[in-house]
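Chemist: Any chance you could fold what I've pasted below:
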Amino acid sequence: MSRLEIDWPDEAAERVRAAQGRLRLAGPALRDRTFEDRLESVAKILGDWTAPDSPWRRELATSLAAASPFSHGTIQEGLDAALTRWSPEAFIACAENEVGSQLAHRGTRLAPFDWTTVVAGGSIPMPTILSSLLPLVLGSPVLLRETRKDPVTASLLARSIQATDPELSRAFEAVSFPAVDLSAYAIALEAPCVVATGSDETLAAISSRVDSSHRFVGYGHRFSIAILGREIANNEPLLEEVAAGLALDLARWDQSGCLSPVVAYLVDVPKSVASRLAHQISERLAELSHNMPLGDLSPSQGASIASERSEARMRAASGIGRLVETPNHTITLEADAQPRPAPLGRFLRLMPVESPDALVRALEPFSGHLSNVAIAGLSVPGATNIHSEKNASASNNISQTPIQSLLGWLSRAGVSRFTKPGRLQTPPIDWPHDGQPVFSPLSRFTQWTQSV
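Modeler: Numbering: from 1, shown residues only. Okay, here's the model as predicted:
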């Protein structure tokens, strides 16, 4: 186990090559351990991170606050809210369902990749942690290339593996090198399995350099939305709950991840109710800012927010929409669902649509880029709980009503999770990220038949 400090491109390539060599040497011992043994060990490591009083989580919050634009309060709340919902028991159940069930078939065995490269992306730690642990369960050593936006999670994860299972730690290497270092990248991408998170452009560049006979698993650009129905109009407690939930979803990680809502669509919601909602979200955001202050914005993001605020002010002055703004957040109430830029940084647009069919038309340009959806105020006949953590594609008779047709279309458009406001940023550990199972994309099996 090590974290490589890179100073020069040539040195970077040499160190990545050395890390690759150590992983190859560690591979046989890792694969000699049973699937059940590896799963139990990784679940213990995960438990160390998800425990209510986790020292790893506390240290990550402190270190990341010093190395990233996020405030300490925002990081601490985001880590606690997300990781404490990650149950090691659910992790084990997911692995047994996706992998153990296959191994239960006579003659089926795991055929682990010699090693797996994980290219981290973004500034939120949870995807890096999970993506790095999964291959170890499957018997594949991990080379983790940390992201420039998060230079601390990789080393902390390495230390936590070492503390729990020193033998397992020999199958984990964390490395750092700039994206422009093509020599180091080329060595990292020699892995027979490559997992990458990033923009669509980044994934295209990486996948083009991965051998066609190798496995590539990519998680690209996505964004999340909220859909609110007319039922919030005559239910003040629900309206307040929705406002508080959306404010929390916006404040977490300063709206920077794919699970952050960028738009809330209001389906047949009266203008007066929409205006109250905008002000209530603003009030809740102001309250949250005491413990979760907005972090530092980049100059380009600050300029984008200023530009969009200026345009919103002009529309509001013309009687088209409204703007609710403070120095730390922005809520615009638009007159229509016309696509507009999403500056992020706690910037939310409320967009009215007259019907579920109109919402589908508004969302059609974004098919394939939708991640999670928060829903409130919509009645779904035949569904006992629209806020449940399950994919709406499982609903029966989805064409029976306009709402069910909407949910069915969203599922086919790539939405992988439906939830309630306030839960967008805290998915369960077995959530099918981008519609994919958790372990299966990284798994490889061999079957021995009776003829052999």
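Chemist: Going by C-alpha atoms from here, please, whenever you check contacts or count neighbours.
Modeler: Will do.
Chemist: for stretch 181-191, what is the average pLDDT?
Modeler: Regarding stretch 181-191, the rounded mean pLDDT is 96.
Chemist: Need the CA coordinates for that stretch. PDB is fine.
Modeler: Below are the C-alpha coordinates for stretch 181-191, written out as PDB (Å, rounded to 0.1, in the frame of the first residue of the first chain):
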ATOM      1  CA  ASP A 181       1.200  13.200 -18.300                       C
ATOM      2  CA  LEU A 182       0.300  10.800 -21.100                       C
ATOM      3  CA  SER A 183       3.100   8.400 -20.300                       C
ATOM      4  CA  ALA A 184       1.800   7.800 -16.700                       C
ATOM      5  CA  TYR A 185      -1.700   7.600 -18.000                       C
ATOM      6  CA  ALA A 186      -0.800   5.000 -20.700                       C
ATOM      7  CA  ILE A 187       0.700   2.700 -18.000                       C
ATOM      8  CA  ALA A 188      -2.400   3.100 -15.800                       C
ATOM      9  CA  LEU A 189      -4.700   2.300 -18.700                       C
ATOM     10  CA  GLU A 190      -2.900  -0.900 -19.400                       C
ATOM     11  CA  ALA A 191      -5.100  -2.500 -16.800                       C
END
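Chemist: Wait, T84 touches T50, no?
Modeler: Yes: T84 is within contact range of T50, at 4.8 Å (criterion: CA atoms under 8 Å).
Chemist: Please compare the two by neighbour count and tell me which comes out ahead.
Modeler: Taking other CA atoms under 10 Å, T84 and T50 do not tie; T50 has more neighbours (23 against 18).
Chemist: Which segments of the chain make up each domain?
Modeler: Dividing the chain into domains by automatic domain parsing, as the record does, gives the ranges 8-221, 223-419.
Chemist: which one of those domains lies closest to D430?
Modeler: domain 8-221 (6.2 Å; CA to CA).
Chemist: which stretches of the stretch 151-300 of the chain aren't confidently modelled?
Modeler: For the stretch 151-300 of the chain, no stretch is flagged by pLDDT under 70.
Chemist: what do you get for the stretch 351-452 of the chain?
Modeler: 380-400, 451-452.
Chemist: which stretches of it form helices?
Modeler: 356-363, 402-412 (DSSP state H, counting those that start in this stretch).
Chemist: Mind checking these for the one nearest to W115?
Modeler: Nearest to W115, of the helices of the stretch 351-452 of the chain and by CA to CA, is helix 402-412 at 33.5 Å.
Chemist: got the CA positions of the closest one in PDB?
Modeler: Extracted C-alpha coordinates of helix 402-412, given in PDB (Å, rounded to 0.1, in the frame of the first residue of the first chain):
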ATOM      1  CA  PRO A 402     -50.200  10.300 -17.300                       C
ATOM      2  CA  ILE A 403     -48.200  10.200 -14.100                       C
ATOM      3  CA  GLN A 404     -47.300   6.600 -14.600                       C
ATOM      4  CA  SER A 405     -46.400   7.200 -18.200                       C
ATOM      5  CA  LEU A 406     -44.100  10.000 -17.100                       C
ATOM      6  CA  LEU A 407     -42.300   7.800 -14.600                       C
ATOM      7  CA  GLY A 408     -42.000   5.100 -17.300                       C
ATOM      8  CA  TRP A 409     -40.500   7.600 -19.700                       C
ATOM      9  CA  LEU A 410     -38.100   8.800 -17.100                       C
ATOM     10  CA  SER A 411     -36.900   5.300 -16.400                       C
ATOM     11  CA  ARG A 412     -36.300   4.700 -20.100                       C
END
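Chemist: Of all the residues in that helix, which ones are buried?
Modeler: Neighbour counts using 16 or more other CA atoms under 10 Å place I403, Q404, S405, L406, L407, G408, W409, L410, S411 of helix 402-412 among the buried residues.
Chemist: what's the answer for stretch 288-308, then?
Modeler: Neighbour-count burial for stretch 288-308 [16+ other CA under 10 Å]: L288, M292, P293, L294, G295, S304, I305, E308.
Chemist: CA atoms only: put it into PDB for me.
Modeler: Coordinates of each C-alpha in stretch 288-308 appear next as PDB, following Å, rounded to 0.1, in the frame of the first residue of the first chain:
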ATOM      1  CA  LEU A 288     -28.600  26.000   6.600                       C
ATOM      2  CA  SER A 289     -25.800  28.500   5.700                       C
ATOM      3  CA  HIS A 290     -25.100  29.000   9.400                       C
ATOM      4  CA  ASN A 291     -23.700  25.500   9.800                       C
ATOM      5  CA  MET A 292     -23.100  24.700   6.000                       C
ATOM      6  CA  PRO A 293     -21.800  28.000   4.500                       C
ATOM      7  CA  LEU A 294     -21.200  28.200   0.800                       C
ATOM      8  CA  GLY A 295     -17.700  27.400  -0.100                       C
ATOM      9  CA  ASP A 296     -15.400  29.300  -2.500                       C
ATOM     10  CA  LEU A 297     -16.600  29.600  -6.000                       C
ATOM     11  CA  SER A 298     -14.200  29.700  -9.000                       C
ATOM     12  CA  PRO A 299     -14.100  33.000 -10.900                       C
ATOM     13  CA  SER A 300     -15.800  31.400 -13.900                       C
ATOM     14  CA  GLN A 301     -18.600  30.100 -11.800                       C
ATOM     15  CA  GLY A 302     -19.000  33.400 -10.000                       C
ATOM     16  CA  ALA A 303     -19.300  35.100 -13.300                       C
ATOM     17  CA  SER A 304     -21.800  32.600 -14.600                       C
ATOM     18  CA  ILE A 305     -24.000  33.100 -11.500                       C
ATOM     19  CA  ALA A 306     -23.800  36.900 -11.900                       C
ATOM     20  CA  SER A 307     -24.700  36.700 -15.500                       C
ATOM     21  CA  GLU A 308     -27.700  34.400 -14.900                       C
END
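Chemist: what sits up against it?
Modeler: With CA atoms under 8 Å, 6 or more residues apart in numbering as the test, stretch 288-308 has contacts from 69-74, 77, 247-248, 251, 254, 328, 341, 343-345, 347.
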